[in-house]
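J.: here's a sequence, model it:
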Amino acid sequence: MNEPTRRAALRLAAATGAGAGATASATMSVLSSSASAQGKSREVTTYVFVTGSNGMASGDAELVLRGHRTVGVSLPGHGPEEQFHAAYQAPQDLKALAALPSPMAGVTLDDYVEATVNVVRRAARYGPVILVGGSLGGSTITKAADEVPGLIDRLVYVGAYCCTKLRSPAEYLETPEGSTSLGAAILPAVVGDPAVLKAIRLNWRTNDAKFLAAAKAAFMAEGTDGEFLAMLNSSLPDESLQVSSADARGRKDAWGRVPRVYVRQTLDRVIPPALQDRMIREADEATPGNRFEVFSVKGPHAPTRKSYRRITEILAGLAR
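T.: Below you'll find the predicted structure:
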């Protein structure tokens, strides 16, 4: 792989990675409540979840049990039926896997935003909407708020990128606060040439012990081996090459007027706490009349079952 392509892959790897979104795959499922059938839908808050990179659409079962509605946004190219192939199964055919066309080729942040806005518009017909983004999903919810600020009751960033002074997640990772990120641990899992695929493809199902140890240390050091492997096996291989470097700054007159929450993940080694704090501070400086409400959770970038229980408690407390 040539050096410019490798640098692009590195930026994306560090900015995203491992399907780490607002949800932990072990604790999440796509669910909706039966409130509409009971005639209560207009009184119920809908949580709309936007995954980070390599993740699939999912909601939160616990929030549904508490009487809310949840839905995950199906981002373009993120369908498992589009990304899982026989070459990805065991025994793997890595040569074939490296050559398969990618459904993520050419997918942009604007595409993610369009999909998210469509879900928000539908959900807002039935009551308040809380839009939740994790990791790279922070870029999407910021730009979605630019499009439909009046339809979103609250934005929630869970260990996610919130760009204000700098234009993109990739630029934030080049700051001193981003320099300690361990996101590049996924680089050894790259399959194929991103310049040819127009996407970055990762072999999460490798059994390489060195890679697995490094990835676990980066994304879920506090989790059990089972939790970590479940997260890897539910992650999609392909992700966009363009989203992490796209301009994800929100407008003060749109995004800047939507109430927002930041859930700091204090053990995050992909988006380090110092970088999370910088983004919170810069966003507050941009809109001093609308500052983040901040919560801290003792958890890694990819939430464990234990740390996600605390995140769910925070989310549940935001409903009106």
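J.: what does the helix or strand encompassing residue 112 rub up against?
T.: Using DSSP states H and E, residue 112 falls within helix 109-123. With CB atoms under 8 Å, 6 or more residues apart in numbering as the test, helix 109-123 has contacts from 46, 48, 50, 69, 71, 73-76, 129, 131, 139-141, 143-144, 147-148, 151-152, 242-243, 246-248. Placement of C-beta: from N, CA and C, glycine included.
J.: could you point out the helix or strand that follows that helix?
T.: Note on helix 109-123: by DSSP H and E, the next helix or strand toward the C-terminus is strand 129-134.
J.: give me the buried stretch members for that following strand, please.
T.: Going by neighbour count (16 or more other CB atoms under 10 Å), the buried part of strand 129-134 is 129-134.
J.: kindly report the same for stretch 215-229.
T.: Buried residues in stretch 215-229, counting neighbours by 16+ other CB under 10 Å, are found at 215-216, 218-223, 227-229.
J.: what's the weakest-modelled helix or strand in the protein?
T.: Sorting the helices and strands of the chain by mean pLDDT, DSSP states H and E puts helix 3-15 at the bottom, at a mean of 51.
J.: can you list contacts of whichever helix or strand comes after that helix?
T.: Past helix 3-15, further along toward the C-terminus, the next helix or strand under DSSP H and E is strand 46-50. Outside strand 46-50, the residues that touch it by CB under 8 Å, 6+ apart are 21-23, 57-60, 63, 68-73, 75, 112, 116, 119-120, 123-124, 126-134, 137, 140-141, 144, 315.
J.: partner strands of strand 46-50, with direction?
T.: Based on DSSP bridges, the strands next to strand 46-50 in the sheet, each with its direction, are strand 69-72 (parallel), strand 129-134 (parallel).
J.: just how off-centre is that strand within its chain?
T.: With CA atoms, centre = their mean, to the nearest Å as the basis, the distance from the averaged C-alpha position of strand 46-50 to the chain average is 12 Å.
J.: any idea how far apart the tips of stretch 251-271 sit?
T.: Taking CA to CA, to the nearest Å, the span from the opening residue of stretch 251-271 to its closing residue is 23 Å.
J.: again, but for stretch 81-88
T.: Across its full length, stretch 81-88 reaches 12 Å end to end, with CA to CA as the criterion.
J.: one step back: can the buried residues of strand 129-134 go into a markdown table with extra columns for distance to residue 101 and pLDDT?
T.: Converted to a markdown table, these look like this (distance: CB to CB, whole Å; pLDDT from 0 to 100):
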| residue | distance to residue 101 | pLDDT |
| --- | --- | --- |
| 129 | 35 | 98 |
| 130 | 36 | 98 |
| 131 | 32 | 98 |
| 132 | 31 | 98 |
| 133 | 28 | 98 |
| 134 | 28 | 97 |
